[in-house]
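Q: no sequence on this one, just coordinates:
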C-alpha cells in the first residue's frame, strides 16, 4: 500500500513517523513559508497586530501632516485619493482630481474625538472625514449613527462636507448606508504605491517602519495569495503529516471544514470542490464550467475554476466570499473584473473589495454568515448552522453566474 494513497487511520506507526520526518526534513516549501511569516517585525514584537487602538494610533500618525515622519500631506493624500476613488460619486466630499491639485489647509487629525477613532478636519476646502476602525470587535449601540450625528452637530452642513468611513480587515458592511466601506487591503495597496513612487524622498527610518506595517497588514489582516499557494503546496506534498498534526492538535475548524466539503461533494453533479484547506472550503457550481472559459492559470485545478466561492472560519466570524483568481488570459479576466467594478456588477450583488484590477486575486462579494464578537463556538452544532445558509449561497451564486454569462458572451 502506498502511504500517499491511504487515510491517516490506515497508516502504520512506522508510516506515520516517516510522513512526519519527510514533513520536517524534506520540505523546502515549509522553509519558504517560515521565511515569509517568520521575519522580524516591530509590530509583531510589540504585540499590537490585532489591537485596534494601536492601528488607529499609527494611522493617525501617518495621516497627520505635522507629525515626525516629515512627509507633510504625502500619506494623507495617498489614502484619501484611494478612498475617494472608491466612494460613490454622490457621497464624495471632493473629487480625487480636486484633491490632487491642492494642499488641504488647516488639517487636524484627532484621535478618539467624541469616541470616534480618527477624525480628519480641513478648513480649506472645508471637509470632515470620520473613520471608525474595527479589527475584531463589531459595532454596538448604534454607534455609527451616533458618531455621524455628533459630527454633523459640530461640523454642520453646508459649511462642511463630510465622509464617513467604516474600516475593517475584510471590508465588512456597515449598519448605516451613509458610511463608506474601506478595508486594510485598500490601505496596504495605497501606502505601498505611495512608498514605491516616493522611495527616494522618504527617509530610511520612516520607510523601514512603513514596510514593517505593510508586512503586518499583508500577513495578518488581508489574504496573501503567495502564502495561500505555499500552504496548498505543503498540504499537497505532505498531506498525511499535516492532517496528523491538525488531528493531534485538535483544531475543530478542520473537522467542520471536512464536513462542509463532504456535504458539497455528496452532490457531485452540482458542486466542484477545490482541494483541501484547514479553515476554508473553496467551491463553485459546476454549471459555471459552461460559463467560464478554460483559462485558469493554476494547473493543479480545473481549467474553468478561476472564479470560486469560499466559506472561511475565522475566530469571530464565518465569511462567504466570491473571488476572481489568476488566469492565462488577462483580456477576458479584465472584462469581467471591469464589469464588476461598474454599476452593472453592483446591481447584481457584486461589491469589489479593492480598486486593484491586476492579474491575481480580486474579492467581488462578501457576506458574514455568522459572527460573534466574543468568538465563534466551533462545536458540533455549528456545521448545521452553516449549512442552513447553503440555499442562500446557491441562490446568490446562480445570480452571479447569470451576470458572468451576460458579461462574457458580449
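A: Perfect, I can see it now. The model shown is predicted, which means the values in this text are computed figures rather than measured ones. Residues are numbered from 1 along each chain as shown.

Q: hey, let's count contacts and neighbours off CA atoms from now on
A: Will do.

Q: so where do the strands sit in the chain?
A: 108-113, 116-123, 126-133, 161-168, 179-183, 271-273, 280-285, 307-313, 317-324, 362-371 (DSSP state E).

Q: chain center to the longest helix anywhere in the chain, what's the gap?
A: Looking across the chain with DSSP state H, the single longest helix is helix 390-408. Its chain's average C-alpha position is 21 Å from that of helix 390-408, according to C-alpha atoms, centre = their mean, to the nearest Å.

Q: can you check stretch 174-181 too?
A: For stretch 174-181, the distance to the chain centre is 18 Å (C-alpha atoms, centre = their mean).

Q: now the longest helix of the chain: buried residues?
A: 393, 396-397, 400-401, 403-405, 407 (16 or more other C-alpha atoms under 10 Å).

Q: tell me what residue 371 is bridged to.
A: With DSSP bridges applied, residue 371 shows beta-bridge pairing to residue 317.

Q: show me the shaky parts of the stretch 251-400 of the chain.
A: 251, 275-278, 343-360, 380 (pLDDT under 70).

Q: tell me where the stretch 101-250 of the chain is predicted with low confidence.
A: Ranges of the stretch 101-250 of the chain meeting pLDDT under 70: 136-141, 219-232, 239-240, 243-250.

Q: cutoff 80 now
A: 101-102, 135-141, 170-173, 175, 177, 216, 218-250 (pLDDT under 80).

Q: contacting residues for residue 127?
A: 93, 121, 160-163 (C-alpha atoms under 8 Å, 6 or more residues apart in numbering).

Q: go on, residue 190?
A: Taking C-alpha under 8 Å, 6+ apart, one finds 78-79, 82 in contact with residue 190.

Q: quick one: it from residue 58, how far?
A: 15 Å (C-alpha to C-alpha, to the nearest Å).

Q: repeat for residue 82
A: 18 Å.

Q: of those two, who's got more company?
A: residue 82 (19 against 13; other C-alpha atoms under 10 Å).

Q: pLDDT at that one, what is it?
A: Note for residue 82: predicted pLDDT of 90.

Q: could we number from 877 for the rest of this?
A: Noted, 877 is the first residue going forward, which turns the last one into residue 958.

Q: show me what contacts it?
A: 1062, 1066.

Q: cool, residue 984 as well?
A: 940, 996-998.

Q: from those residues, which is closest to residue 1138?
A: residue 996 (49.5 Å; C-alpha to C-alpha).

Q: so the closest one makes contact with residue 989?
A: No - the pair residue 996 / residue 989 is not scored as a contact, 10.1 Å apart, by C-alpha atoms under 8 Å.

Q: who has more neighbours, those two?
A: Each of residue 996 and residue 989 has its neighbours counted (other C-alpha under 10 Å); residue 996 has more, 19 against 13.

Q: quick check: chain neighbours aside, which residue is closest to the more buried one?
A: Excluding its sequence neighbours, the residue lying closest to residue 996 (C-alpha to C-alpha, 6 or more residues apart in numbering) is residue 985, at 4.6 Å.

Q: please apply the same query to residue 1082.
A: Closest to residue 1082 by C-alpha to C-alpha, 6+ apart is residue 945, at 6.2 Å.

Q: cool, and residue 1165?
A: Using C-alpha to C-alpha, 6+ apart, the closest residue to residue 1165 is residue 1180 (5.4 Å).

Q: and the gap between that neighbour and residue 1161?
A: 11 Å.

Q: the residue nearest to residue 996: what's it in contact with?
A: Contacts of residue 985 by C-alpha under 8 Å, 6+ apart are 936, 939-940, 994-997.

Q: TSV for those residues, including distance to residue 1135?
A: Shown next, in TSV, are those (distance: C-alpha to C-alpha, whole Å):
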residue	distance to residue 1135
936	44
939	46
940	49
994	42
995	45
996	47
997	51
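
Q: pull out the buried residues from these.
A: 936, 939-940, 994-997.

Q: farthest pair in the residues you listed?
A: 936 and 997, at 12.2 Å, using C-alpha to C-alpha across the buried ones among the contacts of residue 985.

Q: neighbours of residue 1029, how many?
A: 10.

Q: now swap in the one 5 residues further on and tell me
A: The burial metric for residue 1034, expressed as a neighbour count using other C-alpha under 10 Å, is 9.

Q: quick check: phi and psi on it?
A: phi -90, psi 0 (degrees, to the nearest 10).

Q: and the nearest residue to residue 1237 once chain neighbours are set aside, how far is that from residue 1183?
A: Spatial nearest neighbour of residue 1237, chain neighbours left out: residue 1201 (4.7 Å); criterion: C-alpha to C-alpha, 6+ apart. For residue 1201, the distance to residue 1183 (C-alpha to C-alpha) stands at 6 Å.

Q: quick one: which of those two has more around it?
A: residue 1183 (24 against 19).

Q: partner residues bridging that one?
A: Assigned bridge partners for residue 1183, using DSSP bridges, are residue 1200.
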